[in-house]
Structures are given as structure tokens and as C-alpha cells.
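Okay, here's the prediction I keep looking at, along with the sequence it came from:
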Number of protein chains: 2
Amino acid sequence: MLKRYLPVLTWLPHYHRRLFGADLLAGVIVTVMVIPQSLAYAILAGLPAVVGLYASILPAVLYALLGTSRTLAVGPVAIIALMTGAALSGVATPGSPDYLAAALVLSLLSGAMLVAMGLLRLGFFANFLSHPVIAGFLSASAVLIAASQAAHLLGISASGYTVTALLASMAGNLAQTHWPTLAIGAGTLLFLIAMRRHGQSLLQRLGLAPATAALLTRAGPVLAVVATTALTWHFSLAERGVAVIGAIPAGIPPLTLPLFELELWQALLVPALLISVVGFVESISMAQMLAARRRQRISPNQELIGLGGANLAAAFSAGMPVTGGLSRTVINDEAGAQTPLAGLFAALGIGLVTLLFTPLLHHLPIATLAATIIVAILTLVDLPMIRQTWRYSRSDFSAMAVTILLTLVEGVEAGIISGVVLSIGLFLYRTSRPHSAVVGRIPGTEHFRSVERHEVETLSHVAFLRIDESLYFANARYLEDTLHALVVRHPGLEHVVLICSAVNLIDASALESLDATNARLRDADVTLHLAEVKGPVMDRLKRSDFLDDITGRVFLSTYAAWQALGASSTASS
Amino acid sequence: MLKRYLPVLTWLPHYHRRLFGADLLAGVIVTVMVIPQSLAYAILAGLPAVVGLYASILPAVLYALLGTSRTLAVGPVAIIALMTGAALSGVATPGSPDYLAAALVLSLLSGAMLVAMGLLRLGFFANFLSHPVIAGFLSASAVLIAASQAAHLLGISASGYTVTALLASMAGNLAQTHWPTLAIGAGTLLFLIAMRRHGQSLLQRLGLAPATAALLTRAGPVLAVVATTALTWHFSLAERGVAVIGAIPAGIPPLTLPLFELELWQALLVPALLISVVGFVESISMAQMLAARRRQRISPNQELIGLGGANLAAAFSAGMPVTGGLSRTVINDEAGAQTPLAGLFAALGIGLVTLLFTPLLHHLPIATLAATIIVAILTLVDLPMIRQTWRYSRSDFSAMAVTILLTLVEGVEAGIISGVVLSIGLFLYRTSRPHSAVVGRIPGTEHFRSVERHEVETLSHVAFLRIDESLYFANARYLEDTLHALVVRHPGLEHVVLICSAVNLIDASALESLDATNARLRDADVTLHLAEVKGPVMDRLKRSDFLDDITGRVFLSTYAAWQALGASSTASS
């Protein structure tokens, strides 16, 4: 029991000394690598850069104790930072103390919701986000993030959390483009793209082992940060108007207490829920992929608790909403992390940097960070997935297209909510008009196939109708209409056999419709029979009066119904 | 085309003179019978009594021209009046001109939505209201209505649209109970209950034909209205404090133009949608029942247009939201109406009353109307349905229980919305954890059944898994987990055959999961096969790359897979 809620107890007692070296090295590498992105995502959310560091310390410790994934790295991530900024800008002015306070409340609410969902075993909630909706949402969010960062590259200001607002405010300020800033930003951008495209093969050609080459390639952002910071410091570019991180207060994260202000809580409730669900989906996908590769198991409900604990920790240590991040996890994994101890070491490392080395970050240009974000984020634009979805299913594609469009034009919340609502609505619509087929017997066999697709025998006074869907409220009326139309089309009909081989459920609405249909058919002197009713469905029907009221019988197989009802006449093919 | 949108053209050209007498008689009877309830429902909505008359004139004319049901009678009904009152009290003070204006806007929005849904053929929206949710909503609304009318019986004032608010305000005013009012109200109540219980048999014993006796029994409210009005007038009870209808402005309904005020429209958007959907469901159920009995057909989408037209007419003639009413339709049907002309005659009749005879209604006690509403409405409390649902399905019952509880405690809107959301959520939850079974072969046959329920043969290196649900986003992850667990449980496994006989759909999310599962099984040296894939599902799979990527084959039947994969080994039972 204790082990279930404290997964640290499952791995710490078996810890080997030889794992220690690997975990320590991974911790050091992650420390160096994630500092630039942590700063950048805090700025993306409209928060002071140091908040990104704070959110990488205590939350990572909590996840290491409570999480079930061995190598997932938790901290600020791009999408969640974007959603955080969009949510906070609705309740406070960026830069104000209220804005900072609201970030803590958002972390607290999100953490509390995640823990509650974990304890109530509500991990399945994440399933309501269909893959096309997630892919559409991530692609559109990436475009939004890139657009917001483009302003930092140009050294101009831009505000808003929709593509239209961003472009409008950028267009107005384009004349103020700051050329030295653009030079740094564009240089970094080109360097990072070149590293990503050719770094690996170049370094390997220089004689490095593939693994080392991969790691060094990923260190591109660190190199860019060091180089541009040195440049900016050496030429005093900050005094010439290049925006830099500036002074960061040194010290460990302060203890903070989120405000209890009912109105603020209410305003942040829906954003917190969306951040929780999206963060969980991003994190669990990553964790499951890693676990499958290493043949380990993760528990979705305990993951909710782990991420919830991390967000609660963020709320009490001046942080911001966090989740398991794609890029930081890949770095951790490839740096050779073996257990969550690597995460603890990284947290310790970032804590040390925050305590001692923040002056080194003073001259880091914002444009460098913007370039690193743009390069990292545009990998989320999943064009192949969009193309593939278009080809496979127009219905899935339309949910995806609406998600993309609304995320871009109306913002992240409208995008994700409409995507979820639309995909559920389309699924219900599809199941509300189920496929059904009048079937006949393939001559000489016990098999029955559609009269429209196959050469089959039929009986003139018996109709066999196979219905290819569970019967529930959304299609109850449709079933009534289908049977009614069938009887109207065949005036000589005496029996209707409803084949239920694909019916996995009959709910109370459908039962009432069946009852009504039974009565209506009886009035028209047609007998209603059922065939191939599944075990669980039959068990449930026995709890109602329907089996007493039905005019006909329940046959085990369609063939049994054919034999019993066809005895009185001859088949025609 | 014209006939589709103007159903009047289908029946008017074939009109016989002998139908005329029946329709005229029905029109006269309906006129007399529905006046008390029209007044009462307007008061229930917090509107002047005359609004109920206005809403029974032009709206009924529009429905007669546009509707497809021959005998449905349209006008104010109890549930819609309750919902109207709840919606309007949120935006204006009852009795104020703003309140009246808001009623027109609500009618307009509701009418426009119904027409739009009809033109877009969105009638299936009504299917999202499951039968238990409807039954729960109607039962709880009936209790709410009865509670609000109880105050009129006592002659005290009560306000609110939840049971708690109503009871609290009544408890505070109980000391002001007006005894003459209570005497009239209680007397009417007892008379009406007695009529309903024993009227029919009593009148038949007095020698009347059953049909005449039924009609006279239904005339109970009219008798009560005449008697108590005469009593109140004769003894000048109004001057002693018995609340009466009072002066009603004589004349035909005035032409009204609904306000265009953006904020008001926004506030009434959701209530108008709920009123439209609930009104449509009530009306269409009634219309379908009648059509089935008379072997006529109605068109749900044209019914939307008919009801929409009626509500638009209400908006422009000082009315209130209307729909096809249960009790007025039963009266019309039993009075012998043959065509919508009966509805036109009734509209004409009520128009005449409004023009000439409103002084007769001056002394009609409100308590009499309250008693008629209570007796009519409590038939909607459907205890057998509640009991039956509890027995048949806990899941359906829980949606019903939440609907009842929230309707009573939080009001009609919260009740119906939570009912719909919960029933959809529960359906998705059920389908997100589909039933699946590892199956084996019944010795000597081509049939396969669950290894847990039957004595079957299995192959040690092949697992046959039958999945009893369509594969879509909500259960995509579940399928992955199920297959993963299956492989972990059976170390010697070489093949997995997924039997898709109950899979009616594979959406893009499920396809991606199948792809991922295929890759994961390949890594574990297990081959994935499909069997019994349905035609439409197979057609769709051919549009993706999955059939090229799958490690195994697609078998037409499970038995074919058994033969092909079992050839290399022997079966064990």
C-alpha cells in the first residue's frame, strides 16, 4: 500500500553503487541543458525568468519521490507555459505582483486536481482527448509559440495569445525592429538549425562516438547561450538595447503561500483543469514510450499523483505549472539516467546554480532563448499526421481542423475544448446512425450475409436484420424507425429477427424503444425475435420485463431462427 | 419541395366536407378546455395571464401550416413555462416590462434555433437526451411546479425556481395563509382528483357512452373554473383577498418586436437552446405516438420547422415559448380532430374569447388554476420508470438520479445539462473499458467461445482475443494495455489474433494505437493478426498504411486463422 503511493520505496532499497555514477552524470548534464529552456518557458508564460528555475527544483524532487517513471524529467514545458500565460493574462497584468500570485494559484489548483484525479482513479479522463485533437492542438500551439517568440527575435514587443492578436501587435511595431538583437537571434537560429540538421553527422565524421555526438548535438542551445552571453557582455550590448535576462535574485526558492481569493480561484478553475489534462497527456505519453522501451511499467493513476505533487510543490516554492517534458526527458534518458535519483541530482544542480551562479546569466540575450524555443517547438508541428488523418477519416480530420483553427484564432482553451466536444459529438453522431443490414443465408451453409452484397437465400415472410452497433439512447429512435420502415417495405412480413451479434450493450433508453417497437409490430401482426444475444447483454435483459413481453423468441443463432421460422415455407433465392 | 416545407399543401387539397364537422367540434372543445391551462402556464412563467391566451393563437396557426402531425396541439405547456420562468427571472424582475420583453426574446431565439436545426436536419440532437434523463427531468420538474402552485393554493407568496428556495420562502409566509383561498383551492383539488379517479366510471354508470364520459371527465377543470368563478363573483371574494385573474385587456394579440440587445441575447442563449430541445422532445414523442396509432408519418426535421415557426409567431404576437403539449393534444385527439384545421378553429376560438369574453375571466381565482395544474402535472412523476431503471441499469439510474436531484436543488437548467453530460460521460466510460475475451475452439466445430465460460481447445503459442466494442479514442489506450498484459501473461506466445466481429469502427486514434501495438509486439517477437474484420472497417483500413505494416495477416474467419496458425502444432484442451 505504502509502495503504491510512494514508488520511491520500490527502487531505492535496491539501489546499486554502479547506478550512482550514471545517475550523477545524467544529473549534471540535465542541469546544464535545461537551464536555458527553463528560463525561456518562464518568459513565455509572462513570468520572471527565475520562476522557470524555481519550478525545476522542488517539483522535480516531488516527482522523483512520487512518480512511477524511472527517467521522466519534470519541469516547465512549452505548451503548459503557453497555456499558463493565456490563463494568467485573463486575470492579471503581466509583470504585476498579482500575475505572480495567480501563477501560484494556478499551480495549486492544477496540482490539487491531478492528485484528486489520481486518488479517484480518473486517469481515463485523458482518453477523451483523441489523438488527432492532441496532434492538432500541439501543432497549432507550436505555431502560436513560434509567433510569440518571433517578436523577441526582432527585438520588438508583441502581446496576445492568438495568432491574430500576435500578428496585429507585431505588424504595428515592425518599424522598431532592433537590428543587433535580430543579428543575435537570427544567428542563433541558423546555428541551431544547422546543428540539428548536420551536427550529428559532422561530429561523427570528426571521430566522435554516435552517442557522444548525439549528446553534443543536443548541447547546441548551451553553446549558443554561452557564446551569445559572452558576446553581449563583452560588447556591452545590453546598454545598446539588446534585451537580456538581467539581474536574477540569488538564493534558494522562497516559500510561498498561494492566495485564497474565491473569485480568482473560480476564474482559474477551467484553465487549471485544461492544463492538468493536457500536461498529463503529454507526460504520460512520454513515460509510456520510455517504459515500453525499457520494459518497465508505469501506473497512470500514480503518475497523476506524482505530477500533482510536483505542481503543489511549485505552488509553495514560487514556481509555475509543470509536467513531464519532452525535451528534458529525452536529454535525461540519453544522458544515461537509470533511476529518479538522476532527477534529484538535476534538481540539486539547478538549486546550486540558482544559489550561486545567477550573475552568469545576467547578460544572456532573450533573443537567444527565443531562437532555442522556436527550433525546439516547431518539431511539434506534425504535418504527416495531419495528412494521414485527412486520408483515413474525414470525421477525425474535421475535429483536428477545428482544433487547429480555433487554437490559432481563439486561443488554447477554445481550441482544446472545441476539439474534445467535437470529437465526442462526432463519435456519438456516428453511433447514432448505426450500420444495419438485412441478411440472408448463403445457400447450404449456416452463414448469413447482407442481401445487398451477396447472393443469398431469403424467406418471404421473415426479415433478418443485423444491427452493427450497441443500442443506447443516441440510436434508440433510429432503431425504431429502421424497424418501422422495414415493416412498411415488406407488406407480407410475419416475423422480424433482430441479430444482435454486434450489440455489446442495450441501455434503458434502447430497452424502452425495443419495448415500444415490440408493441408496434404486434399491432401490425408481426412477431419480433432476437438472435445471437451476447451473454452480458442477456444477463441484463433478464432483469427487465422485456423477455416476458416480447412476442417472439430469443434464438441462440441466426441459423436456429432460420430453421424454426422457415419450417412452414420454402426459401427463395 | 414546396410540399416538404409546407405540409398544409399535402392535406388541404384532399379535404372532405365530412371532416369539417369533426374538426369544428374538436376546435370548439379545445377552445373551452385549454383556456384555463393557458392562463395558468403564463402565470407559472411569471407572466400576465393573457400572454398564455396570445401564445395559443398565432403559434397554433403557424404550426397548423408548417407541422406534419395531424392532431398535435401547440401552445404554452407546463415544463416549458417553468423553464421560461427560471430563465427570465435570471435577467429581469417578474412583473416588469423588461420581463415581458425578455419573454419575447426567448421565444424568438428558441424559434430561430428550432428552424435552424430543422433546416440543417439536426433533429438527431434530441437523441442525446436519454429516456431516463427525460423521465427524471419531467418528474423533478413536476415536483417543482407542484411546489410553486402549492403557494397559490395557500394564498401566500413564494418565489424561486428550486425546491429549496420555494420551501424556504413558503415556510416564512405560512402564517399568512389565506383561509378562503385555501378553501377554494383545496375544494377544487379534491373535486379534480375525484373526477380523475372516479369520474369516468360514475358517468358511465349514469348511462353515458364511454367516449362522452371520457370527454366530460376531462372537462373537470372547466367545470371547476366556471363554478369557482361564479362563487367568487357572487360573494365578492376578490375584495376579501382571494387572488383572481383580474382585468384582462380585450383585443387581438398586439404586434410585438423583440428587442435587439446583445447582452440579453447572450444571457438567454443557453436557456433558449434547452427550451428548444426539451420542447422538441416533448412534442415529437407525443406526435410520434399519435402518428403510429393512426398509421401516419411525421418528419422530425419538418416538426422542428413547425415548432420554430410557432415560437417565432409567439415572439411577434406578445406570446411566450410554446411547444406541442401533452394534455391539449390528448384533448384535441379525443375530441375527434382529423386534420390541423381543428387547430386553426381552436386558435380562432381562443382569439374570439380574447377579443370578446375576457371580462368573464375576471373573477377566476388563481387557486383554481393552481389546483388544475397540480392535478395535471403530478401524472408526470414516473415512479414505475424510476424503479424499473434502478433494476435494469445502475449506470442509467445514476444519470437519472443526478438529473432529479440537481433539477430540484439547482434548477431546471443545471438538472438537464448535468443529466445529458453525465449520460454521455457514462456511455463513453463504458465503451472506454470494453469487454474482451480470450476465446478457444469448441472441439469439432468452427465456433469459438470464451475460455472462461466454456470447455474449449486452445493453442499454446497462439492467443485469440475477441474485443466487443468499436475501437476509438476513448478505448485506444485500453486496447494497447490489454494486448500488452496478454503478452506478459503468456511468455511462449508467438501469435495474437484480434477478432473484430464486434468492431464497427476503428477511428484514427485507435489506428495509431494498433500501429503502436503492432510495433511493440514485433519487438517482443509476437506476430499480430486480425480476423473477421467487417467490410466497412476493412475499406477504411485500406486507406491507411496499417495493412502494409502489420506483421501478420488478416483472416476472413477465426477458424481460418486457427487452421493456418495451428498447423505447426497440436491443440490442447
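In hand now; what should we look at? The shown structure was predicted, so the numbers you read here are calculated from the model rather than taken from an experiment.

continuing past the helix or strand harbouring residue A:264, what's the next helix or strand?
Assigned by DSSP states H and E, residue A:264 belongs to helix A:262-294. For helix A:262-294, the succeeding helix or strand toward the C-terminus, using DSSP H and E, is helix A:300-316.

Centre of the chain to that following helix, how far?
Centre-to-centre, helix A:300-316 and its host chain are 17 Å apart (Cα atoms, centre = their mean, to the nearest Å).

Hey, what's the angle from it to helix A:262-294? Just curious.
If you take axes from the mean of the first three to the mean of the last three Cα atoms, to 10 degrees, helix A:300-316 sits at 130 degrees to helix A:262-294.

In helix A:300-316, which residues are buried?
Neighbour-count burial for helix A:300-316, with 16 or more other Cβ atoms under 10 Å in any protein chain shown as criterion, is recorded at A:300-316. C-betas here are computed from N, CA, C, even on glycine.

follow-up on the earlier one: what helices or strands is the helix holding residue A:264 leaning on?
If you count contacts as 3 or more Cβ pairs under 8 Å, 6 or more residues apart in numbering or on different chains; DSSP states H and E, helix A:262-294 packs onto helix A:78-89, helix A:97-119, helix A:300-316, strand A:323-324, helix A:326-334, helix A:412-432.

and that helix with helix A:326-334, angle?
For helix A:262-294 against helix A:326-334, the angle by the same axes, to 10 degrees is 40 degrees.

Buried residues, helix A:262-294. List them.
By neighbour count on 16+ other Cβ under 10 Å, the buried set for helix A:262-294 is A:264-265, A:267-268, A:271-288, A:290-292.

Could you find the closest non-adjacent residue to the residue of the stretch 1-150 of chain A found nearest chain B?
Closest approach of the stretch 1-150 of chain A to chain B (Cβ to the nearest Cβ) occurs at residue A:130, with a separation of 3.4 Å. Leaving out its chain neighbours, the residue that sits closest to residue A:130 by Cβ to Cβ, 6 or more residues apart in numbering or on different chains is residue B:473, at 3.4 Å.

What residues does the one you found make contact with?
Shown in contact with residue B:473 (Cβ atoms under 8 Å, 6 or more residues apart in numbering or on different chains): A:127, A:128, A:129, A:130, A:131, A:133, A:423, A:427, B:507, B:509, B:510.

separation between it and residue B:416?
Separation of residue B:473 from residue B:416 (Cβ to Cβ, to the nearest Å) stands at 26 Å.

just to revisit the earlier point, list the contacts of the residue of the stretch 1-150 of chain A closest to chain B.
Applying Cβ under 8 Å, 6+ apart, the residues contacting residue A:130 are A:396, A:399, A:419, A:423, B:472, B:473, B:507, B:508, B:509.

my read: the last one touches residue B:476, true?
To tie it back to what came earlier, the one meant is residue B:509. Yes. In this structure, residue B:509 is within contact of residue B:476 by Cβ atoms under 8 Å, at 4.5 Å.

Need the residues touching each of the two.
Shared contacts of residue B:509 and residue B:476 (Cβ under 8 Å, 6+ apart): residue A:131.

Can you pick out the residue with more neighbours from these two?
A count of neighbours by other Cβ atoms under 10 Å in any protein chain shown puts residue B:509 above the other of residue B:509 and residue B:476, at 27 against 24.

Residues of the stretch 351-500 of chain A that sit close to chain B?
Residues of the stretch 351-500 of chain A found near chain B (Cβ under 8 Å from any Cβ of the partner chain) are A:388-389, A:391-393, A:395-397, A:423-424, A:427-435, A:453, A:468-470, A:472-478, A:484.

Under the pLDDT cut-off, which ranges of the stretch 51-200 of chain A? List them.
Applying pLDDT under 70 to the stretch 51-200 of chain A flags no residue at all.

Show me what from it comes close to chain B.
A:124, A:127, A:128, A:129, A:130, A:131, A:132, A:133.

which of those sit farthest apart?
A:124 and A:132 (18.7 Å; Cβ to Cβ).

Helices of the stretch 351-500 of chain A, start to end?
A:366-377, A:383-392, A:394-410, A:412-432, A:473-489 (DSSP state H, counting those that start in this stretch).

rewinding a little: return the member of the contacts of residue B:473 nearest to residue B:368.
Closest approach to residue B:368 among the contacts of residue B:473 (Cβ to Cβ): residue A:427, at 50.7 Å.

The closest one reaches residue B:510, doesn't it?
No. With contacts counted by Cβ under 8 Å, residue A:427 stays clear of residue B:510, the gap being 11.1 Å.

list the residues that contact both of the two?
Here residue A:427 and residue B:510 have B:472, B:473 as joint contacts, going by Cβ under 8 Å, 6+ apart.

check contacts around residue A:91.
Contacts of residue A:91 (Cβ under 8 Å, 6+ apart): A:98, A:102, A:264, A:267, A:268.

and if you look at residue A:313?
A:58, A:59, A:61, A:62, A:111, A:319.

Restricted to strands, list those.
Judged by DSSP state E, strands contain none of the contacts of residue A:313.

Show me which pair in those residues is furthest apart.
Maximum distance among the contacts of residue A:313 (Cβ to Cβ): 14.0 Å, for A:61 and A:111.

Comparing those two, which shows the higher neighbour count?
Shown here are residue A:61 and residue A:111; by other Cβ under 10 Å, residue A:111 has more neighbours (27 against 21).

Pretty sure that one sits against residue A:312.
Yes. In this structure residue A:111 lies within contact range of residue A:312 using Cβ under 8 Å: 3.7 Å.

Can you pull the residues that touch both of those two?
Common neighbours of residue A:111 and residue A:312 are not found (criterion: Cβ under 8 Å, 6+ apart).

Would you check that my belief about residue A:512 contacting residue A:476 is correct?
Yes. Look at residue A:512 against residue A:476 with Cβ under 8 Å: they come within range, at 7.2 Å.

what touches both of the two?
Residues touching both residue A:512 and residue A:476 (Cβ under 8 Å, 6+ apart) are residue B:131.

check contacts around the residue of the stretch 301-450 of chain A found nearest chain B.
The minimum distance from the stretch 301-450 of chain A to chain B, using Cβ to the nearest Cβ, falls at residue A:396 (3.9 Å). Contacts for residue A:396 (Cβ under 8 Å, 6+ apart) come out as A:130, A:132, A:389, A:423, A:426, B:507, B:508, B:509.
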